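Asks: model the structure of this input:
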Amino acid sequence: MRVTVIGCSGSYPGPTSPASCYLLEAEHDDGTGARTWRVLVDLGNGALGPLHTYADPLAIDAVLLSHLHADHCLDLCGYHVLRRYHPSGPQPRIPVHGPEGTADRMARAYDLPLDPGMREEFDFREWDGPVRIGPFAVDPVPVDHPVPAFGLRIEADGAVLAYSGDTGPCAGLDRVATDADLFLAEASFEEGGDNPPSLHLTGKDCGTTATRAHARRLVLTHVPPWHDPAVVLAEARAVYDGPVELARPGAVYELGARPSEPARSTDRPAQRA
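Replies: Reported below is the predicted structural model:
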């Protein structure tokens, strides 16, 4: 499984990154021949444009939405336009998994009638237990946020990616992160701030969870542009002894190829036309 960071800015697009979006790729033969399967984890505002750099947007097999705040889902509006009006013709419907009400939320976001909304482009499916998409086994776990929100535990190629989504510390987050090869955890808050409960994590929260869950590698994401990323990185390092770093657009993590080694990261070159 290969994980590419498309966007990692918290709360809104920042000067160096769009909002949350991650591209997952893995080889799989579903009986019609082996090919690369691609899913997007979140599609926050500003992410659709940079996605073109790393993959053909028409080659995406599914979209997984952790929750329905704009910085995690709003570029589905542009993606609807791309798939509906592309010069090559209307594209096949692809699954979009998300919380209850995702189809209506996205229709309202683009000022469409609720029926059909975007249902002619997307096959909306509400989270109701684990799902399989090609090589990806996805377990959505409810987490602690002001709107219905899910952490995602995704397995492929014998490896586990744990994605926090947006959440405060909670038992669901521990479940998502347990024994993960890569724990992609949001770090929106700094220790000592006036941080509301049941909303976001600090770097320390991320590191403490990673330690308790025995995650093999920690990548901090969703840091808002108004914070210094070095602060949350230092908080995490103070409580977590494993490899830890900040997410950055274009970073790639190879999971599962060498189970005895931690996930390896590189910077991904731009896709050639």
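
Asks: ok, which stretches of the stretch 101-250 of the chain are strands?
Replies: When secondary structure is read from DSSP state E, counting those that start in this stretch, the stretch 101-250 of the chain shows strands at 122-126, 131-133, 136-142, 150-156, 159-163, 182-186, 218-221, 244-246.

Asks: of the ones you listed, which is nearest Glu235?
Replies: Nearest to Glu235 among these is strand 218-221 (9.1 Å), distances taken as C-beta to C-beta. C-betas here are computed from N, CA, C, even on glycine.

Asks: what number of residues lie near Gly134?
Replies: 18 (other C-beta atoms under 10 Å).

Asks: isn't it up against Glu25?
Replies: No: contact status for Gly134 versus Glu25: not in contact, 10.2 Å apart, counting by C-beta atoms under 8 Å.

Asks: okay, and the common contacts of these two?
Replies: Among the neighbours of Gly134, those also in contact with Glu25 (C-beta atoms under 8 Å, 6 or more residues apart in numbering) are Trp37.

Asks: test my guess that Leu48 contacts Leu74.
Replies: No: counting by C-beta under 8 Å, Leu48 does not reach Leu74; the two are 9.5 Å apart.

Asks: separation between the residue nearest to Ser9 when sequence neighbours are not counted and Ala251?
Replies: Of all residues not flanking Ser9 in the chain, Ser17 sits nearest, at 4.2 Å (C-beta to C-beta, 6 or more residues apart in numbering). As defined by C-beta to C-beta, to the nearest Å, Ser17 lies at a distance of 11 Å from Ala251.

Asks: between those two, which is the more surrounded one?
Replies: Taking other C-beta under 10 Å, Ser17 and Ala251 do not tie; Ser17 has more neighbours (25 against 18).

Asks: what sits against the more buried one?
Replies: With C-beta under 8 Å, 6+ apart, Ser17 has these contacts: Gly7, Cys8, Ser9, Arg248, Pro249.

Asks: mind doing that once more with 7 Å?
Replies: The contact partners of Ser17, by C-beta atoms under 7 Å, 6 or more residues apart in numbering, come to Gly7, Cys8, Ser9, Pro249.

Asks: dump the residues you listed to CSV, plus secondary structure, neighbour count and pLDDT.
Replies: Shown next, in CSV, are the contacts of Ser17 (DSSP: H, G, I helix; E, B strand; the rest coil; neighbours: other C-beta atoms under 10 Å; pLDDT from 0 to 100):
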residue, secondary structure, neighbour count, pLDDT
Gly7, strand, 29, 98
Cys8, coil, 28, 98
Ser9, strand, 26, 98
Pro249, coil, 21, 98
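
Asks: and the furthest pair within those?
Replies: Counting by C-beta to C-beta, the most remote pair of the contacts of Ser17 is Ser9 and Pro249, 8.8 Å apart.

Asks: for Glu27, helix, strand, or coil?
Replies: What DSSP: H, G, I helix; E, B strand; the rest coil gives for Glu27 is strand.

Asks: quick one: neighbours of it, just the number.
Replies: Neighbour tally, Glu27, other C-beta under 10 Å: 14.
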